[in-house]
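1. I'd like to go over a predicted model; first the sequence, then the structure.
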Amino acid sequence: MSNGDLNKKIEFIVEQQAQFAADIQVMREIHAADTALLKEQHRNLSDAVTTIVGLVGGLAQSQAATDVRIAKLADLQTATDARLAELAELVNIFIGVVERYIGGNGGAQPQAT
């Protein structure tokens, strides 16, 4: 092999090595940019998950408070139903008294003509 051929091969190898080094530098820059983007996306996702967990916790507390209120309303409704039943009984007694009075059992007898 002549000196010229050897120099061409060496020059080719040096150029290839330079291109390889340049490609590696580009890959490192791309990797660094991807890493930064991934970290930002991870931060955003973590913030979103934290927000959702907080919302779910708040909804659970609201649901528990609503359950307590509904239970109280059910108890009050039961008491109201009992009072209405007592009132209905008193109204029926009052109607019976009024009907007897109007029917002649509670006052003067109607006169026949």
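-> Nice, I can see it.
2. Count the residues that sit near E40.
-> Here the count is done by other C-beta atoms under 10 Å, and E40 has 10 residues near it. To be clear about C-beta, it is placed using only N, CA and C from the backbone, and glycine gets the same treatment.
3. what distance separates the host helix or strand of it from the centre of its chain?
-> In this structure, E40 is located in helix 3-102 according to DSSP states H and E. Computed by C-alpha atoms, centre = their mean, to the nearest Å, the chain-centroid distance of helix 3-102 equals 6 Å.
4. center of the protein - which residue?
-> V56 (4.9 Å; C-alpha atoms, centre = their mean).
5. looking only at pLDDT, what's the mean for stretch 85-97?
-> Averaged over stretch 85-97, pLDDT sits at 95.
6. Can you dump the C-alpha atoms of it in CSV for me?
-> C-alpha atoms of stretch 85-97 as CSV (Å, rounded to 0.1, in the frame of the first residue of the first chain):
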residue,chain,number,x,y,z
ALA,A,85,-100.6,10.4,62.5
GLU,A,86,-101.5,11.7,65.9
LEU,A,87,-103.0,14.9,64.4
ALA,A,88,-105.0,12.8,61.9
GLU,A,89,-106.4,10.8,64.9
LEU,A,90,-107.4,14.0,66.7
VAL,A,91,-109.0,15.4,63.5
ASN,A,92,-111.0,12.2,63.1
ILE,A,93,-112.2,12.5,66.7
PHE,A,94,-113.1,16.2,66.2
ILE,A,95,-115.0,15.3,63.0
GLY,A,96,-116.9,12.6,64.9
VAL,A,97,-117.9,15.1,67.6
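7. so where's this structure uncertain?
-> 105-113 (pLDDT under 70).
8. coming back round to it: who's in contact with the residue nearest to the centre of the chain?
-> Counting by C-beta atoms under 8 Å, 6 or more residues apart in numbering, V56 touches no other residue.
9. Roughly how far does it sit from A32?
-> As judged by C-beta to C-beta, to the nearest Å, V56 and A32 stand 36 Å apart.
10. Check T51 too.
-> 29 Å.
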